[in-house]
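Participant: what follows is a predicted structure for the sequence shown.
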Amino acid sequence: MEIKQNLKQVQEEFKSDEKLLESAFRLEKFYQKYKFWLWALVGLALLWWGAVQFLEHRKATHVQEVTALYNEVLQNPNNLALLDKLQRTAPNLYSLHAYARALKEKNLKALKELSTSSNTVVSALARYYSASYGRDLKALQGLKLEGLQDWIALQQAYLSLQANPKSDVGAILAPITPSSSLYQIASLLRHYGVVQPSSKDVK
């Protein structure tokens, strides 16, 4: 009985080895047939990995250079050479820096120049503030800036009331709905106008 069991076990092992050899043969045949394409795929994968690593390193280096340059500009804000280099190296960052500086200094000329910036956020804000600081009601009326329409209407009403305290600003403030965060301010302007300081308050 033991001999039969041993023979059966040996036969099963032979069959297993035979299947293994058959699989190895098929794999060898597949490799021989497609080895060129397989090695080409490996080569392309290595090239892709190398390109990704190179681009990431280059991007990190560029960020470090721009950061160092921007820090220099902050320390020397009137250095024209540094500002010019920042404009060439990182135009969007330059636009943001120029906008922040113009806004801080209320520089109407700089804001008007930035209103044509290729940076859409900077150009939109610069147009709004240049019209506001310049008290240009016509320019404010022509502004259509997503997300700023309530502010534009509020500024229009404020400037209109400053120019003529009897102005009816109801139509100007109409687009500001109760869901707006500026609704309460708009209501105050609509009902009370601009409160002018009395001579006692002015020192």
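Facilitator: Right, received. Where do you want to start? Numbers count the residues shown, from 1 in each chain.

Participant: find the nearest non-adjacent residue to A90, please.
Facilitator: Of all residues not flanking A90 in the chain, V66 sits nearest, at 4.8 Å (CB to CB, 6 or more residues apart in numbering). (C-beta placed from N, C-alpha, C; glycine too.)

Participant: angles on the backbone of the one you found, please.
Facilitator: phi -70, psi -40 (degrees, to the nearest 10).

Participant: that one contacts T89, doesn't it?
Facilitator: Yes: shown here, V66 and T89 form a contact pair, counting by CB atoms under 8 Å, at 6.0 Å.

Participant: overlap in contacts, those two.
Facilitator: Counting by CB atoms under 8 Å, 6 or more residues apart in numbering, no residue touches both V66 and T89.

Participant: count of residues packed around L108?
Facilitator: 16 (other CB atoms under 10 Å).

Participant: and F25, by the same measure?
Facilitator: Using other CB under 10 Å, F25 has 10 other residues around it.

Participant: if I look at it, how far off is Q32?
Facilitator: From F25 across to Q32, the span is 11 Å (CB to CB, to the nearest Å).

Participant: can you list the domain ranges for this protein.
Facilitator: 79-134, 147-194 (automatic domain parsing).

Participant: so which of the ones you listed gets nearest L38?
Facilitator: The closest of the domains of the chain to L38 is domain 79-134. By CB to CB, the value is 43.8 Å.

Participant: off-centre distance for the closest one?
Facilitator: Its chain's C-alpha centre and that of domain 79-134 lie 17 Å apart, by CA atoms, centre = their mean, to the nearest Å.

Participant: end to end, how far does it reach?
Facilitator: 28 Å (CA to CA, to the nearest Å).

Participant: and the residue nearest the centre of this structure?
Facilitator: The centroid of the chain falls nearest to V121 when counting by CA atoms, centre = their mean (9.5 Å).

Participant: just the buried positions in the helix or strand where that residue lies, please.
Facilitator: Element membership of V121 [criterion: DSSP states H and E] is helix 120-133. Neighbour counts over helix 120-133 (16 or more other CB atoms under 10 Å) mark 122-132 as buried.
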